[in-house]
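Chemist: Here is my input, please return the structure:
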Amino acid sequence: MEETRYITFALAKGRLAKKSMDILKQIGIDCEQMRDPDTRKLIFVNEELKLKFFLAKASDVPTYVEYGCADIGVVGKDTILEEGRKLYEVLDFGIGKCTMCVAGPASARQLLEHGQMIRVASKYPHIAKDYFYNKKNQTVEIIKLNGSVELAPIVGLSEVIVDIVETGTTLRENGLEVLEEICPLSARMVVNQVSMKMEQERITKIINDLKNAGLAR
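Modeler: You can find the predicted model right below:
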C-alpha cells in the first residue's frame, strides 16, 4: 500500500502565523509543538494527520510554495502581489485587513490627477510600478525603501508613497493622507500548482472545510 505523503504548510511568521493556526485548528488541523514560544525547531510534524508545518519570513512564503517545498502557504496579499510567484491563490482568510494606498501631502493630489512625472517611495516597488505603469499609465520614478516610508515625502525624497494603510493614524500624524486606493489586502491561502494536481483530494478537502466552517471565502 502506497504511503501517504505529508502535506506541508508554510506560515508567515508573527501575528499572522498565530491567527492562521487558530483558524486551522477549528477544522481539526493543529500542531501543538508550534505554540511553544521557546522551541528552536524549524519543522513541526503532525504524524496523525500526515502534516508538516514551518514558519518563514512573509516575503519567502510564496517562494517556498512556488518551488514545492511547501504545498500550502498562508501569507498577506501584499506579499503575494509583490513577489509575483507562480501559485494558486485559493482562499481569503479575511484577517489582517488593510489597504494598499498611494499617500502623500494633499498638495500631491493634483500631480496624480495630471499624470505628472513624480517620485514614488515604497517598500513595494513591484506593486507601485504595476499600479502607475499598467493601471494609471503614468511614468514615475520608483525609489525602494526598507524603513518608514512616511519620511520620504516629508524630507523631499518623493512626492508620494505606496504603502499599507490600516487606520491612517501614522499618515495623519505626519501631515499625509490617502490620495488613491490601490487594492484591499488580507491573509490568503496559496497552493503549489503541482500539489494542487497531485494532492487534489486532500487539499480540496481543507479548502472546503474552511469554507463550510465560514472561516474563509
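Chemist: Compute the distance from the centre of stretch 207-217 to the centre of its chain.
Modeler: Averaged C-alpha coordinates place stretch 207-217 at 19 Å from its chain's average position (C-alpha atoms, centre = their mean, to the nearest Å).
Chemist: To clarify, my last question referred to stretch 202-217.
Modeler: On C-alpha atoms, centre = their mean, the centre of stretch 202-217 falls 19 Å from that of its chain.
Chemist: Okay, buried residues for it please.
Modeler: Arg202, Ile203, Ile206, Ile207, Asp209, Leu210, Leu215, Ala216 (16 or more other C-beta atoms under 10 Å). The C-beta positions use only the backbone N, C-alpha and C, and glycine is treated the same way.
Chemist: again with stretch 195-204
Modeler: Using 16+ other C-beta under 10 Å as the burial criterion, the residues of stretch 195-204 that qualify are Ser195, Met196, Glu199, Arg202, Ile203.
Chemist: Just the closest of those residues to Ile127, please.
Modeler: Ile127 has its nearest neighbour among the buried residues of stretch 195-204 in Met196, at 25.1 Å by C-beta to C-beta.
Chemist: which element is that closest one on?
Modeler: Using DSSP states H and E, the element containing Met196 is helix 193-198.
Chemist: what does stretch 207-217 contact?
Modeler: Residues from elsewhere that reach stretch 207-217 (C-beta atoms under 8 Å, 6 or more residues apart in numbering): Ile23, Leu24, Gln26, Ile27, Gly28, Val90, Leu91, Asp92, Phe93, Gly94, Met189.
Chemist: Which parts of this structure belong to which domain?
Modeler: The chain breaks down by automatic domain parsing into domains covering 7-96+186-212, 98-184.
Chemist: Taking the centroid of the chain, which residue is nearest it?
Modeler: In the chain, the centroid-proximal residue (C-alpha atoms, centre = their mean) is Gly76; its distance is 1.8 Å.
Chemist: could you point out the longest strand in this protein?
Modeler: As assigned by DSSP state E, the longest strand anywhere in the chain is strand 177-185.
Chemist: Okay, buried residues for it please.
Modeler: By 16+ other C-beta under 10 Å, the buried positions in strand 177-185 come out as Glu177, Leu179, Glu180, Ile182, Leu185.
Chemist: could you dump those to JSON lines with pLDDT and distance to Ser107?
Modeler: JSON lines is the format used below for those (pLDDT from 0 to 100; distance: C-beta to C-beta, whole Å):
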{"residue": "Glu177", "pLDDT": "97", "distance to Ser107": "10"}
{"residue": "Leu179", "pLDDT": "98", "distance to Ser107": "10"}
{"residue": "Glu180", "pLDDT": "97", "distance to Ser107": "15"}
{"residue": "Ile182", "pLDDT": "98", "distance to Ser107": "20"}
{"residue": "Leu185", "pLDDT": "98", "distance to Ser107": "27"}
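Chemist: Which member of those is positioned nearest Leu111?
Modeler: For these, the nearest to Leu111 is Leu179 (9.2 Å; C-beta to C-beta).
Chemist: separation between the closest one and Lys97?
Modeler: Between Leu179 and Lys97 the computed distance is 20 Å (C-beta to C-beta, to the nearest Å).
Chemist: you'd agree Ile182 is up against Cys98?
Modeler: No: if you go by C-beta atoms under 8 Å, Ile182 and Cys98 don't touch, sitting 11.3 Å apart.
Chemist: Could I get the full set of helices for the protein?
Modeler: For the chain, the helices defined by DSSP state H occupy 15-25, 61-66, 77-83, 109-113, 125-129, 151-155, 169-173, 193-198, 200-212.
Chemist: Much appreciated, bye for now.
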